[in-house]
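> starting from these lines, generate the structure:
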Amino acid sequence: MSTTAPRRVTARRARTRRRMLDAALQVFAEEGFGRSTVEQVCERAGFTRGAFYSNFASLDELFLAMWEERSERMLEDLREALAEVTAASPDQALRAALGAIPVDDAWYRVTAEFTAHALRNPSLRRVMAAREQAVLDTVLPVVVATLARLGRRVPEVTALGRALVAVHDGTAVQVLLEPGAEEPRRRREELFLTVLNAYSTPIAEEAP
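So this is what the prediction gives:
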């Protein structure tokens, strides 16, 4: 009985894929996802259409690969930022977490445009929703564990997750509209802290 071995990812192939992803982010941010073409990405990366299609079936697939990569990096940074949080106060833990989730102008523009594109495509919308939920399912246990180390418990984890996403999405726009201004960032921190306190309660000390 014969089996088909998975396609080996060579160093050269990995470099090609990396250059395609980097070039695509630049093109999408400059041109807009809906106006970008495979040819533009290839020209920016210095490759042919053949090189593109040997790595990605479409621009949609390329974006999803980019999104998954950035999500994994963000989750790793978040875990590292919160791993040592023990005796810190909630606001110190929050600052550590927000430092691991930067508000990026170019990435925000690209994701906003791709989300609008996905909303017009039911199958793509389902893919995006599933991936967003997968990220949230990974982030929430880290947040809940950190709050527990700070002496707080979360009765409704799902509700906390939805509230955190709403604050992140809403305040990111405000921060980007006023680059360099401290007030939007301060309000962002305050809103996150308010949500964390509202959706968690102090862990009662056990009676002697």
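
> and the pLDDT at A129?
The model reports A129 with a pLDDT of 92.

> for the residue nearest to the spatial centre of the chain, which non-adjacent residue is closest in space?
Centroid-nearest residue in the chain: S71, 4.1 Å away (criterion: C-alpha atoms, centre = their mean). Spatial nearest neighbour of S71, excluding adjacent residues (C-beta to C-beta, 6 or more residues apart in numbering): V135 at 5.1 Å. C-beta: built from backbone N, CA, C; applies to glycine.

> need the pLDDT of the residue lying closest to F33 once chain neighbours are set aside.
Computed as C-beta to C-beta, 6+ apart, the closest residue to F33 that is not its neighbour in sequence is E113, at 4.1 Å. Looking at E113, its pLDDT reads 93.

> check the one 5 residues further on too.
Per-residue pLDDT puts A118 at 94.

> ok, now M1?
pLDDT, M1: 42.

> likewise for V85?
V85 is assigned 70 on the pLDDT scale.

> next: R18.
Confidence score, pLDDT, at R18: 94.

> tell me, how many residues neighbour it?
Neighbour count for R18, taken as other C-beta atoms under 10 Å: 12.

> need the contact list for the residue nearest to F33.
28, 32-34 (C-beta atoms under 8 Å, 6 or more residues apart in numbering).

> on that earlier part again, where does the residue nearest to the centre of the chain fall, secondary structure wise?
Element membership for S71 (DSSP states H and E) is helix 59-83.

> for that helix, packing partners?
Judged by 3 or more C-beta pairs under 8 Å, 6 or more residues apart in numbering; DSSP states H and E, helix 59-83 is in contact with helix 11-31, helix 38-45, helix 90-99, helix 105-119, helix 122-149.

> could you list the domains of the protein?
Using automatic domain parsing, the domain parsing of the chain gives 9-56, 66-202.

> now M66. Nearest residue, chain neighbours left out?
Nearest residue to M66, sequence neighbours excluded (C-beta to C-beta, 6+ apart): L21, at 5.3 Å.

> my guess is that neighbour contacts E68. True?
No. If you go by C-beta atoms under 8 Å, L21 and E68 don't touch, sitting 10.6 Å apart.

> and those two? which has more neighbours close in?
With neighbours defined as other C-beta under 10 Å, L21 and E68 compare such that L21 has more, 19 against 13.
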